[in-house]
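Participant: Mind looking at a prediction? Sequence and model below.
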Amino acid sequence: MKLVITMSRRFGTGTSVIAKELSERLDIPVYTKDFILKELRDKEYASEAEIIRELAKEPCIIVGRCASDILKDRLNVLNIYVYAEKEDRIHRIMELESLSYDDAKEMVEKTDAERAEYYHEHTGRTWGDVNDYHMILNTSELGIDNCANILMQYFEKLEYI
């Protein structure tokens, strides 16, 4: 099966680490905001949605960019939402960005608000609605490092890989 994985996430959950691990283990590319915006600038695409549909013709992981909504009608797509407790996210961002608690908290809140607004603007829906995802992972409970293993076991059990 040409599995396409979309990963929506709260800021600071470690989703990029999970996506990178899955990419290596499944030998498929990860596409992020930076890649998609570069494609939009460099190629003759009309929209991010068009780029995402084109990328999803082959197995891949697409992080963010409303990909779960854009690809919602495809049978080969697994939509994953990653979240974590706010305090865990703040402390993770403090460490990664060498920020104070208050600065990291502000960054987490601002980024989450921007993502929620972007998602609503492009889909008309509420970001993080559990009904929009096949699987939800809580990295506070499961641990960032365990999430790729959990997903790999799931893929193998359902014979996606």
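Facilitator: Received, thanks. Worth saying up front: this structure is predicted, and the values here are computed from it rather than measured.
Participant: At which residues are the helices of this structure located?
Facilitator: 15-26, 33-42, 48-55, 67-70, 86-97, 101-123, 139-142, 144-157 (DSSP state H).
Participant: any chance of the ones you listed in a markdown table, plus distance to V130?
Facilitator: All C-beta spots, glycine's among them, are computed from the backbone N, C-alpha and C. Shown next, in a markdown table, are the helices of the chain (distance: least, C-beta to C-beta, whole Å):
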| stretch | distance to V130 |
| --- | --- |
| helix 15-26 | 17 |
| helix 33-42 | 23 |
| helix 48-55 | 22 |
| helix 67-70 | 12 |
| helix 86-97 | 18 |
| helix 101-123 | 14 |
| helix 139-142 | 16 |
| helix 144-157 | 17 |
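Participant: most packed of those helices?
Facilitator: Ranked by mean neighbour count, the helices of the chain are led by helix 67-70 with a mean of 24 (mean count of other C-beta atoms under 10 Å).
Participant: Torsion angles phi and psi at the residue lying farthest from the centre of the chain?
Facilitator: Distance from the centre of the chain peaks at S100, with 25.8 Å (C-alpha atoms, centre = their mean). Main-chain torsions, S100, degrees, to the nearest 10: phi -70, psi 170.
Participant: what comes into contact with stretch 137-151?
Facilitator: 5, 13-14, 17-18, 21-22, 25, 80-85, 88, 135 (C-beta atoms under 8 Å, 6 or more residues apart in numbering).
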